[in-house]
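Chemist: please work out how this folds:
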Amino acid sequence: MKKKQVISLSLFIAVILIGFLVYSVYSINKLERSVRDIKSKNEALRKTIERLRAENKRLKLISDCNKIEKKVEKIRGLHAKKSIDYEMIEKKSLRKMLDQKFNEAYPGTTFEYMESAFKILGILQPDIDMKNLVMRLYDEQVAAFYDYVNKKLYMVDSSLYTPSIRDMFLAHELTHMLQDQHYDLIGMGIDDNSNDDRSMALSSLLEGDATRCMTIYYTKNAGLSVFLDVALGVYMELKQSEIDKAPAFLKETMLFPYMKGLVFVMALYETQDQDTIHNVFLDPPVSTEQIIHPEKYFADRDDPVIPQLPCMKEFYESNGLVELYENTMGEFVMDIWLKSYISAGQARTASEGWGGDRYKVFHHPSNTDLKGYVLQTNWDTPQDAQEFAGAYRSFLEKKYDIILDQSSDSVTSQYVLPNDCHVHIKHADITVTVVYASRSLFLDVLGLFESD
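Modeler: Presented below is the predicted three-dimensional model:
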């Protein structure tokens, strides 16, 4: 009897324990579900807060841009014809957008070929990864940009910028928006890559104008924050390692439209009335020569005469070659090109008096030792042409560490370089023609010009 009572009591206790255990498991599961629900709600709340913050930033950006736009309209003397979209983006989104814009501007092998051409010319050193460097430069430098295709203004969300610095960048980009609405940037030729010199001249007009407007805006609106901006500017200057490491060609081509463009535009606003300024945008400068020497646009307009190079299609096909690049250097790039190996003073003297040029660069895709370029230049005077021919010889001497015979520099001269390339320089009146090619290709290339 006692044994049965003990068993019954044990079963009772076991049932209670099992029930307690089941209840505990149920309670724990319920608690875990509650915790998961809370976490899910917290995550949803966090995303909602992030969206609200982003929306608040966007609305504030729109509000600020509308205020800045009114001030920029007054500074520039143009009124917006319609509103545009604004968007605040993260730095990582900027890089993605820059990649997309880059690929649209340089489809396929376009940029790779251009880089190879610059290396054959000697504008870039062989070890430079131009695309990677350009993308890093833009990633470091771009704080805001106006998309003239989609008619949208983007501002990079960064704690590095004080409100006055951010507003200054917006004033710059809003100037581009006004330019686009009144003059049509695409119609002006901003996407035309057929003449780099003309494109640089146009960019200088647009960027110089926007830089003038943002400078005036900043000086009128910075207030006491200018002291913080100066401190921040010093910090940012120290942080801009990419532009410090950039080769001279990339650094100078990035800065030229802003610096030289500003000088050109300031001369424009100081000496011309609003109607004349309007007409300049309808008929913009067509060469960097006109940007560097504004009098060659305003006083005695000196438009370039671009040479017509001979057709080289048959030559390319018969030798298995591809044309890497055909374009125009202009005074600005010719100066950078020459001074990469000769003194800045000699390069400046040689590039002044430029009257037009055209060049083609080619190579064999599987044997890059087979390469070359042809360059035809026009100059204002025979003296200008002779100065360029002499500077180019000095360029070759410095680049290849040789001494060239200059006894025949009055008409033609021909040299064999240490890299087994031959060079022919012909100076005739105001024209200088340069043929540079691998030994096995040289006579065929030269024949194209002698028969032309």
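Chemist: which other helices and strands contact the host helix or strand of residue 275?
Modeler: In this assignment (DSSP states H and E), residue 275 forms part of helix 274-282. Helices and strands touching helix 274-282, as assessed by 3 or more Cβ pairs under 8 Å, 6 or more residues apart in numbering; DSSP states H and E, comprise helix 163-183, helix 248-271. C-beta here means a position set from N, CA and C on the backbone, and glycine is covered the same way.
Chemist: ok, 6 Å please
Modeler: Applying 3 or more Cβ pairs under 6 Å, 6 or more residues apart in numbering; DSSP states H and E, we find helix 274-282 packed against no helix or strand.
Chemist: quick one: name whatever helix or strand follows it.
Modeler: Next along the chain after helix 274-282, taking DSSP H and E as the criterion, comes helix 288-292.
Chemist: give me the contact list for the lengthiest strand in the chain.
Modeler: If you go by DSSP state E, the chain has its longest strand at strand 367-379. With contacts defined as Cβ atoms under 6 Å, 6 or more residues apart in numbering, strand 367-379 is touched by 120-121, 305, 307, 353, 355-364, 385, 430-438, 441.
Chemist: looks to me like residue 88 is in a strand.
Modeler: Yes - if the criterion is DSSP: H, G, I helix; E, B strand; the rest coil, then residue 88 is within a strand.
Chemist: and it, how far from residue 153?
Modeler: 10 Å (Cβ to Cβ, to the nearest Å).
Chemist: so which of those two has more stuff around it?
Modeler: Legend: neighbour count by other Cβ atoms under 10 Å for residue 88 and residue 153, higher for residue 153 (22 against 17).
Chemist: using the three-state scheme, assign that one.
Modeler: strand.
Chemist: what pairs with it across the strands?
Modeler: Here residue 153 sits in beta bridges with residue 86, residue 146, going by DSSP bridges.
Chemist: just to check, it is in contact with residue 86?
Modeler: Yes - with contact defined as Cβ atoms under 6 Å, residue 153 reaches residue 86; the gap is 5.1 Å.
Chemist: go through the helix holding residue 275 and flag the buried ones.
Modeler: For helix 274-282, a neighbour-count test (16 or more other Cβ atoms under 10 Å) marks 277, 280, 281 as buried.
Chemist: got those residues as TSV, with pLDDT and distance to residue 336 columns?
Modeler: TSV is the format used below for the buried residues of helix 274-282 (pLDDT from 0 to 100; distance: Cβ to Cβ, whole Å):
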residue	pLDDT	distance to residue 336
277	88	29
280	94	26
281	96	27
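Chemist: rewinding a little: mind checking which of the contacts of strand 367-379 land in strands?
Modeler: Those of the contacts of strand 367-379 lying in strands (DSSP E): 355-364, 431-438.
Chemist: buried subset of those?
Modeler: 355-364, 431-438.
Chemist: need phi/psi at the closest residue to residue 185 other than its chain neighbours.
Modeler: Leaving aside its chain neighbours, residue 185 sits nearest to residue 148 (4.6 Å; criterion: Cβ to Cβ, 6 or more residues apart in numbering). Dihedral pair for residue 148: phi -80, psi -10, per degrees, to the nearest 10.
Chemist: how far away is residue 148 from residue 356?
Modeler: Applying Cβ to Cβ to residue 148 and residue 356 gives a distance of 29 Å.
Chemist: in the stretch 301-450 of the chain, which spans are helices?
Modeler: For the stretch 301-450 of the chain, the helices defined by DSSP state H, counting those that start in this stretch occupy 313-319, 330-339, 344-351, 382-400, 439-450.
Chemist: for residue 270, find the nearest of the ones you listed.
Modeler: Closest approach to residue 270 among those (Cβ to Cβ): helix 330-339, 22.6 Å.
Chemist: next, the angle from that closest one to helix 382-400.
Modeler: Angle, helix 330-339 to helix 382-400, by axes from the mean of the first three to the mean of the last three Cα atoms, to 10 degrees: 40 degrees.
Chemist: what mean pLDDT does helix 330-339 get?
Modeler: Averaging pLDDT along helix 330-339 gives 97.
Chemist: stretch 59-76 now?
Modeler: Here the average pLDDT along stretch 59-76 is 88.
Chemist: with stretch 384-394 instead?
Modeler: Rounded mean pLDDT across stretch 384-394 is 95.
Chemist: dump it to CSV, restricted to CA.
Modeler: Extracted C-alpha coordinates of stretch 384-394, given in CSV (Å, rounded to 0.1, in the frame of the first residue of the first chain):
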residue,chain,number,x,y,z
ASP,A,384,56.6,80.6,-84.2
ALA,A,385,56.9,77.5,-86.4
GLN,A,386,60.6,77.5,-86.1
GLU,A,387,60.5,77.9,-82.3
PHE,A,388,58.2,74.8,-82.0
ALA,A,389,60.4,72.7,-84.3
GLY,A,390,63.4,73.6,-82.1
ALA,A,391,61.6,72.9,-78.9
TYR,A,392,60.4,69.5,-80.2
ARG,A,393,64.0,68.5,-81.0
SER,A,394,65.0,69.5,-77.5
